[in-house]
Structure formats: C-alpha cells, structure tokens
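# Got a predicted structure plus its sequence, pasted below:
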Amino acid sequence: MAVDMSMPVLVVDDYQTMIRIIKNLLKQLGFENVDEASDGKAALEKMQAAKFGLVISDWNMEPMTGYELLCEVRADDRLKGTPFIMVTAESKTENVIAAKKAGVNNYIVKPFNAATLKSKIESVFGAF
C-alpha cells in the first residue's frame, strides 16, 4: 500500500514548537493536509469529527497522554484502524512494550529528522 500524500495527518503534542517541527518535516516529505491538536482529549475530539489517515502523537501530555489517546482510539470501532505513530523523548523499554501492546504502528524517539520520520511512515504504509 503506497502512502497517500493527500491524506489528512493529525499531529498531537502539547509543545507548540514540536508541532511546528513535525509539521515542517511532514511538509518536506510532501504531506499537504496536516492538522494539529495540543493534547489527547482535543485529538480524540478531532478524530471523532473527521477521518485522519495517520496520527503522530507525543507520549507525555496533560490531561490525556498519547498512550491514553492510543488506547481510546484502539477501543473505538470507527477509529481503531487509524495508523498511529508515537513520539517520545524517552526510549524506555516498558513504554515501547506498552505502546506495542496497545496497538501502536510505530515509535519515534526524539530528537529525529525527516529521514527518520519518513522511514517510520514507510514502515507503516510502504515506500513513497
């Protein structure tokens, strides 16, 4: 399955600078339709209102973490098939395992660049 560069992508992070960095990297890769949310709760509301082809979410956020968002998405019949990439500053093994068990498609440890983001997206969708 090839990557649809026009698919809507949702970037979720409570740190506005990180959202801007990820959005810029996605634009470098050719994604045009990028939306954002500042926490898991806002992201879930956006996902329930519109369909996204990919979610890239930070792990550590308040009031709803990226992990809690992932669990909510996977528990929702309409959303559970949405590809989900988790971003975190910590590469704790237990976090990676918890995210994998919860159904994350891939995992990125900060800091990362466009090449890393591209390879993680390719591992979910195939080459582009």
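Structure's in. What do you need? Worth saying up front: this structure is predicted, and the values here are computed from it rather than measured.
# Quick check: Met47 touching Thr82?
Yes - with contacts defined as Cβ atoms under 8 Å, Met47 counts as touching Thr82 at a distance of 7.0 Å. No exception for glycine: its C-beta is placed from N, CA and C like everyone else's.
# which residues are common contacts for the two?
Here Met47 and Thr82 share the contacting residues 55, 73, scored by Cβ atoms under 8 Å, 6 or more residues apart in numbering.
# who has more neighbours, the two?
Met47 (22 against 19; other Cβ atoms under 10 Å).
# What separation is there between that one and Met86?
15 Å (Cβ to Cβ, to the nearest Å).
# Please name the bridge partners of the most centrally placed residue in the chain.
The residue lying closest to the centre of the chain (Cα atoms, centre = their mean) is Ile56, at 1.3 Å. Beta-bridge partners of Ile56, counted by DSSP bridges, are Val11, Ile85.
# Next, count neighbours for Arg78.
For Arg78, using other Cβ under 10 Å, the count is 10.
# Contact partners for it?
By Cβ under 8 Å, 6+ apart, the neighbours of Arg78 are Gln48.
# Tell me the spacing between it and Ala49.
11 Å.
# Could you do Gln16 as well?
Computed as Cβ to Cβ, the Gln16 to Ala49 distance reads 22 Å.
# how distant is the helix ranked longest in the chain from the center of its chain?
Longest helix in the chain by number of residues, with DSSP state H as the criterion: helix 16-29. Taking Cα atoms, centre = their mean, to the nearest Å, one finds the center of helix 16-29 at 12 Å from the center of the full chain.
# Equivalent analysis for stretch 6-21, please.
Worked out by Cα atoms, centre = their mean, stretch 6-21 lies 8 Å from the chain centre.
# How many residues are close by Ser123?
So Ser123, with other Cβ under 10 Å, has 12 neighbours.
# if I pick it, what's in contact with it?
Applying Cβ under 8 Å, 6+ apart, the residues near Ser123 are 105-106.
# Point me to the helix or strand that includes it.
helix 114-125 (DSSP states H and E).
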